[in-house]
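Q: Following is a predicted model, sequence given first.
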Amino acid sequence: MPKISGPRFIAETLRGYGVTHIFYVPQMLLETLTAMEGMGIRRVMTHGEKSAAYMADGYARATGKPGVCMAQHVGASNLAAGLKDAYLACSPVIALTGGPAPLARHRHAYQELEDFTQFEPTTKFNAHVDHIARLPDMLRQAFREATTGAPGPVHLQISGHHAESIMTEAELELRVEDQFRQVPPYRPAADEASVTRALSLLDAAERPVIVAGGGVAWSGAQAEVVALAEKLQIPVATSLNAKGAISDTHPLAVGVVGTYSRTCANRTVGESDLVFYIGSHTGGQVTARWQIPKPGTPVIHLDIDSREIGRNYPTQLALLGDAKTVLQQMLAAAGTGGAKRAPWLAAVRGFVEDWRVAVAANLNSEAVPMRPERVCREITRALPEGAVLVCDTGHSGIWAGAMVEFTRPGQRLIRCAGSLGWGFPGALGVKCALPDTPVVCFTGDGGFYYHLAELETAARYGINLVVVVNNNSSLNQEIPHFDKAYGGDPDERGREMWGFSNVNFAKVAESLGCVGIRVEKPADMPKAMERALTAGKPVVIDVVTDHRAFSPKTWTGAAGGGH
């Protein structure tokens, strides 16, 4: 077997696994980067390690293929922090960093500290590579860990500030395990008896509901969810991660459920007598902090990760397997049904109509500064077939999840799982993965500020996405909390703790090589969206909105639950 250098071997391995982009901050594995010349792997240099991790995460969520990021040892802590969102979203990201060299440990080596354990909370698998001979098996293990079961991020720390320990030559066997190129590598079926029992329970229920979670997206099971719902006549709610699994105009769709939700979705799940969770962690966000559904509601839980089944709601029945495969089993065995549930379906349609009536005024508002709901209405109307909407957390996630409607085939949401500021660099990763797909990022000015410098990255590499900034010159979601802390009097006394300067992001975008469009009136939004989607350059639409336009309270059925 001929000898090969460690850096070259890493490049050949990544090419073998179909990696098309690598996101990084120098200096880490420079010889790997140069070896990629002509391999069809785009090397995207970012302005920070967290951005690199977020871009790799967006890439992974868009394609199901592992996203790869890397940083030298001094930047590893930032990369570890950047993997938090990938971990929360079960996203297959592979992070490569340098690490302390054995001869330098405990000697105050320049820029070094022991940071390996910082990756423990934000990865599925965290491992050392201390010798070049371990590269073949550890790289294979990284792809296996990232893609199997519930996917997630992986970290390999290679000894040496810039991974110098593997900058030699050795006889290394390049073996690519093709099934681990993408999620899911395996599609296990459920026990047939359990499938039969699940269908029996669904048939017996008078008020069942399906809640589709992020596992539906990872499995590619959207069509099966809709088909089963139609066959059994069961309403469908989704998590934010699964928004787009069913069209918002489908008669069985009730919207996103939980804390970032539509009232009609929470009412449907809250009043159901059987909840069928598909690929969901049943975490605090999708259940409105475990209030929706009510504790004690019977639950069927389908998941590929046995650890999640029954974690938060005791299950009447567990289905262990891949969502797409198990739903196909159910479709093959299911009869048609739902006639007896006509009253339930009529009630659910009433919930949806009540919600639409309640939000119509703000969706159609002509107010200046603009209402965020009106911004969302214009995104809905402009978003093309097959487009991807990427959103930040907080109000951006609430507005996008509740107010943007997916009405055309192939539209979907990729959302921040918890780290404000993820949206813009995450969307850059999505656009890198899907260069021919319209990608729109919806973020607030607070989130956009985090990684504003990556506008230069977008312009430099021609990453031609559209960023819609809900610019209210504030951390708007925090305002009610400060108002309350001041005794409930909203007189702007807390402004220095939640307010920003009045910045024109269109001008900032232009100065960094992008197209900038400022929108101050609702009537100007449609032309701005049309221009942005056809510009052929990265575009920032800076929309001036009302800083006191707050999201509705989460409906939980309790008094004062809001809309």
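A: Cool, got the structure.

Q: Output the contacting helices and strands for the helix or strand harbouring Ser51.
A: In the assignment (DSSP states H and E), Ser51 maps to helix 49-63. Contact here means 3 or more C-beta pairs under 8 Å, 6 or more residues apart in numbering; DSSP states H and E; on that basis helix 49-63 packs against strand 21-25, strand 67-71, helix 76-82, helix 84-88, strand 93-99, strand 412-415, helix 423-433. Placement of C-beta: from N, CA and C, glycine included.

Q: mind redoing it with 6 Å?
A: Applying 3 or more C-beta pairs under 6 Å, 6 or more residues apart in numbering; DSSP states H and E, we find helix 49-63 packed against strand 21-25, strand 67-71, helix 76-82, strand 93-99, helix 423-433.

Q: And the ones you listed: which comes nearest Cys514?
A: helix 423-433 (11.6 Å; C-beta to C-beta).

Q: Output that closest one as CSV, restricted to C-alpha atoms.
A: Provided in CSV are the C-alpha atoms of helix 423-433 (Å, rounded to 0.1, in the frame of the first residue of the first chain):
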residue,chain,number,x,y,z
GLY,A,423,-30.3,32.1,11.3
PHE,A,424,-28.1,34.1,9.0
PRO,A,425,-24.9,31.9,8.9
GLY,A,426,-27.2,28.8,9.0
ALA,A,427,-29.0,30.1,5.9
LEU,A,428,-25.6,30.6,4.2
GLY,A,429,-24.9,26.9,4.8
VAL,A,430,-28.3,26.0,3.4
LYS,A,431,-27.7,28.1,0.3
CYS,A,432,-24.2,26.5,-0.2
ALA,A,433,-25.9,23.1,-0.1
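
Q: And for Thr249, the neighbour number?
A: Neighbourhood size, Thr249 [other C-beta atoms under 10 Å]: 10.

Q: right, I mislabeled it, should have said Gly310
A: By other C-beta under 10 Å, the residues close to Gly310 number 14.

Q: Distance-wise, check it relative to Pro490.
A: From Gly310 over to Pro490 the distance is 44 Å, taken as C-beta to C-beta, to the nearest Å.

Q: what's the model's confidence in the helix holding Ser51, averaged?
A: In this model, helix 49-63 has a mean pLDDT of 98.

Q: And the contacts of that helix?
A: With contact meaning C-beta atoms under 6 Å, 6 or more residues apart in numbering, helix 49-63 is reached by 21, 23-25, 46, 66-69, 71, 75, 78-79, 81-83, 85-86, 91-93, 414, 422, 425-426, 428-430, 432-434, 451, 454.

Q: which helix in this structure runs the most residues?
A: Determined from DSSP state H, the single longest helix within the chain is helix 342-363.

Q: immediately after it, which helix or strand?
A: helix 372-382.

Q: Burial check on Ala523, number of neighbours?
A: 10.

Q: any idea how far it lies from Glu378?
A: Applying C-beta to C-beta, the value for Ala523 to Glu378 is 10 Å.

Q: In three-state terms, how would Pro435 be classified?
A: For Pro435, the assignment made with DSSP: H, G, I helix; E, B strand; the rest coil gives coil.

Q: can you count the residues close to it?
A: When counting by other C-beta under 10 Å, one arrives at 13 neighbours for Pro435.

Q: cool, Asp546 as well?
A: Look at Asp546: counted by other C-beta under 10 Å, it has 15 neighbours.

Q: Reduced to three states, what does the closest residue to Pro102 other than its chain neighbours come out as?
A: In space, not counting the residues next to it along the chain, Pro102 is nearest to Ser159; the distance is 6.9 Å by C-beta to C-beta, 6 or more residues apart in numbering. Using three-state DSSP, the structure places Ser159 in strand.

Q: What about Ser159, how many residues nearby?
A: With other C-beta under 10 Å as criterion, Ser159 counts 20.

Q: repeat for Glu230
A: Neighbours around Glu230, by other C-beta under 10 Å: 16.

Q: And Asn78, by the same measure?
A: The number of residues packed near Asn78 is 18, by other C-beta under 10 Å.

Q: Which residues are in contact with it?
A: 49-50.

Q: Against Ser51, how distant is it?
A: If you go by C-beta to C-beta, the gap between Asn78 and Ser51 works out to 9 Å.

Q: Report the contact partners of the residue minimising distance to the centre of the chain.
A: Geometric centre of the chain, nearest residue: Arg415, 3.7 Å, by C-alpha atoms, centre = their mean. Shown in contact with Arg415 (C-beta under 6 Å, 6+ apart): 240, 391, 397.

Q: Most neighbours out of these, which is it?
A: Highest neighbour count within the contacts of Arg415: Cys391, with 32 neighbours (other C-beta under 10 Å).

Q: Check which helix or strand the closest residue to that one other than its chain neighbours maps to.
A: Spatial nearest neighbour of Cys391, chain neighbours left out: Ala400 (3.9 Å); criterion: C-beta to C-beta, 6+ apart. According to DSSP H and E, Ala400 maps onto helix 395-403.

Q: likewise His301?
A: Here His301, judged by DSSP H and E, is contained in strand 299-303.

Q: Run me through the strand neighbours of the helix or strand just after that strand, direction for each.
A: Under the assignment DSSP H and E, the closest C-terminal helix or strand after strand 299-303 is strand 317-320. Using DSSP bridges, the strands paired with strand 317-320 are strand 299-303 (parallel).

Q: All set, thanks.
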